[in-house]
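here is my input, please return the structure:
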Amino acid sequence: MRSSGACVVMVVAAISAAGCATDTVVGQATAAVDSFAPTEENQDPSIRIPGVVITEIAPGQQHVLRTQRVAYPTIPAVGGPHDSQWAACTGVVYAKALRTENAVHSLEHGAVWIAYDPAKVSAQDQATLSARVTDRQYTLMSPVPDMDHPISLQSWGHQLPLDSADDERIDQFIVALRENPYTTPEVGATCSSPLFDRNDPPPYDPTPPGPDAVPMPR
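Sure, this is the predicted structure:
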């Protein structure tokens with residue numbers, strides 16, 4: 001994960017700061033992990049996950065053109081303006097790095113996006129990660145080169161950088177935030193995207209956004 005001045009707070013327990021949302025982390029499908037499921041009384045269980053970064057995203061996100069880029073403050077991004085076409089997130093494991101603006105739209109629908117740096121994550125560990133995604137609704141996985149950490153999990157406004165594919169917080173994050181009705185901007189929106197090319201998606205652009213990039217709303 002790389003950051004460039006986003007309004008974030010790092011915490012181990014739930015902490016809040018004026019003008020920012022809190023930051024936290026999570027982990028695997030056991031009774032202990034099930035305790036991370038959101039409820040009306042505990043709407044964002046991810047605040048119990050050490051290392052999760054929660055970023056306040058302004059509401060009313062706009063759609064951008066296929067030729068436009070957004071000046072996202074982190075790599076990978078966790079929300080903001082995005083392409084009108086969402087990346088298919090019905091448990092899809094992408095072999096190619098895909099355009100951030102499409103992936104962010106999937107987050108708006110309630111998906112969890114597992115990103116990994118292919119130069120830092122072995123084929124065996126990639127298989128471990130893909131097992132958490134394959135055919136699991138509201139999840140997707142793709143390579144993102146040159147990340148600061150080998151692995152990074154994203155949901156809308158939430159991020160968890162990790163070093164290991166065996167980290168228990170991966171399952172905690174998924175349970176806490178996948179289709180979370182309290183943190184998802186478009187609750188009930190589909191992850192099916194028949195027109196999105198899963199084999200040859202719009203490519204990821206590793207270059208910094210230029211001065212004509214769409215800014216993040218404040």
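
lowest-scoring secondary structure element of the protein by mean pLDDT?
Every helix and strand in the chain was compared by mean pLDDT, DSSP states H and E; the lowest is strand 8-10, with a mean of 38.

quick one: mean pLDDT for the helix or strand just after it?
Scanning forward in sequence from strand 8-10 by DSSP states H and E, the next helix or strand is helix 31-34. Averaged across helix 31-34, pLDDT comes to 86.

for helix 31-34, which positions count as buried?
Residues of helix 31-34 classed as buried: residue 33 (neighbour count, 16 or more other C-beta atoms under 10 Å). No exception for glycine: its C-beta is placed from N, CA and C like everyone else's.

packing partners of that helix?
Other elements packing on helix 31-34 under the criterion 3 or more C-beta pairs under 8 Å, 6 or more residues apart in numbering; DSSP states H and E are helix 169-177.

gap between the helix it packs on and the chain center?
11 Å (C-alpha atoms, centre = their mean, to the nearest Å).

which other helices and strands contact that helix?
The helices and strands touching helix 169-177, judged by 3+ C-beta pairs under 8 Å, 6+ apart, are helix 31-34, strand 112-116, strand 151-155, strand 158-162.

if you set the cut-off to 6 Å instead, what comes out?
For helix 169-177, the helices and strands in contact under the criterion 3 or more C-beta pairs under 6 Å, 6 or more residues apart in numbering; DSSP states H and E are helix 31-34.

is the residue lying closest to residue 156 once chain neighbours are set aside in a helix, a strand, or coil?
Counting by C-beta to C-beta, 6 or more residues apart in numbering, the nearest residue to residue 156 once its immediate chain neighbours are dropped is residue 107, at 4.5 Å. Here residue 107 is recorded as helix under DSSP: H, G, I helix; E, B strand; the rest coil.

ok, now which ones touch the residue most central in space within the chain?
Residue closest to the average C-alpha location in the chain (C-alpha atoms, centre = their mean): residue 154, at 1.8 Å. Contacts for residue 154 (C-beta atoms under 6 Å, 6 or more residues apart in numbering) come out as 76, 78, 113.

roughly how far apart are it and residue 53?
Between residue 154 and residue 53 the distance is 10 Å, computed by C-beta to C-beta, to the nearest Å.

where does this protein dip in pLDDT?
1-30 (pLDDT under 70).
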